[in-house]
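In: Pasting the sequence and the predicted coordinates here, then a few questions.
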Amino acid sequence: MRGSTSGGCQCGRIRYEITKEPVGLAVCHCRECQRQSGSAFGMSLALPDGAFRLISGTLKTFEVKCDSGRMKTCAFCSECGTRIYHQTVKGMSVKAGTLDDTSLLKPEAHYWTMRKQPWVLIASEVAQIADDG
């Protein structure tokens, strides 16, 4: 993915930068991502180790159990509540909608499609995985 390597929260207190090329973009249709995004799915930009750098603001965290059974640490702005990233044993992912420039986002796969809303259409060339693969 090329384009913006910086982002932040809705109120502007959190600013971050991505210092390495992201690994990939996934769309997740699990119940937790639906709750978190307040929508039909969540988008997560997977990052290599050490690629996230907090520039300003204070993040709060909490843990939640994923549909897969894994635990996930969720980081969010302590002022406006915008979710910024997730951390699991598999790695870190930034919530893609928090990037300054989202125009170049192109999902590589859709996960937990067994929980996808029936009105969500997925392009035929994009991988669809019924669970977290």
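Out: Structure's in. What do you need?
In: quick one, strands of the protein?
Out: 6-8, 15-18, 24-28, 42-47, 52-56, 59-65, 71-77, 83-88, 91-95, 109-111, 127-128 (DSSP state E).
In: any chance of those strands in TSV, plus distance to Ser103?
Out: C-beta here means a position set from N, CA and C on the backbone, and glycine is covered the same way. As requested, the strands of the chain are exported to TSV (distance: least, CB to CB, whole Å):
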stretch	distance to Ser103
strand 6-8	13
strand 15-18	16
strand 24-28	13
strand 42-47	13
strand 52-56	21
strand 59-65	26
strand 71-77	23
strand 83-88	20
strand 91-95	16
strand 109-111	20
strand 127-128	22
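In: Format those as a markdown table; extra columns: mean pLDDT.
Out: As requested, the strands of the chain are exported to a markdown table (pLDDT from 0 to 100):
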| stretch | mean pLDDT |
| --- | --- |
| strand 6-8 | 96 |
| strand 15-18 | 97 |
| strand 24-28 | 89 |
| strand 42-47 | 92 |
| strand 52-56 | 97 |
| strand 59-65 | 94 |
| strand 71-77 | 95 |
| strand 83-88 | 95 |
| strand 91-95 | 95 |
| strand 109-111 | 85 |
| strand 127-128 | 82 |
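In: could I get the ones you listed as JSON lines with mean neighbour count?
Out: Converted to JSON lines, the strands of the chain look like this (neighbours: other CB atoms under 10 Å):
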{"stretch": "strand 6-8", "mean neighbour count": "19"}
{"stretch": "strand 15-18", "mean neighbour count": "18"}
{"stretch": "strand 24-28", "mean neighbour count": "22"}
{"stretch": "strand 42-47", "mean neighbour count": "22"}
{"stretch": "strand 52-56", "mean neighbour count": "13"}
{"stretch": "strand 59-65", "mean neighbour count": "12"}
{"stretch": "strand 71-77", "mean neighbour count": "17"}
{"stretch": "strand 83-88", "mean neighbour count": "19"}
{"stretch": "strand 91-95", "mean neighbour count": "21"}
{"stretch": "strand 109-111", "mean neighbour count": "21"}
{"stretch": "strand 127-128", "mean neighbour count": "14"}
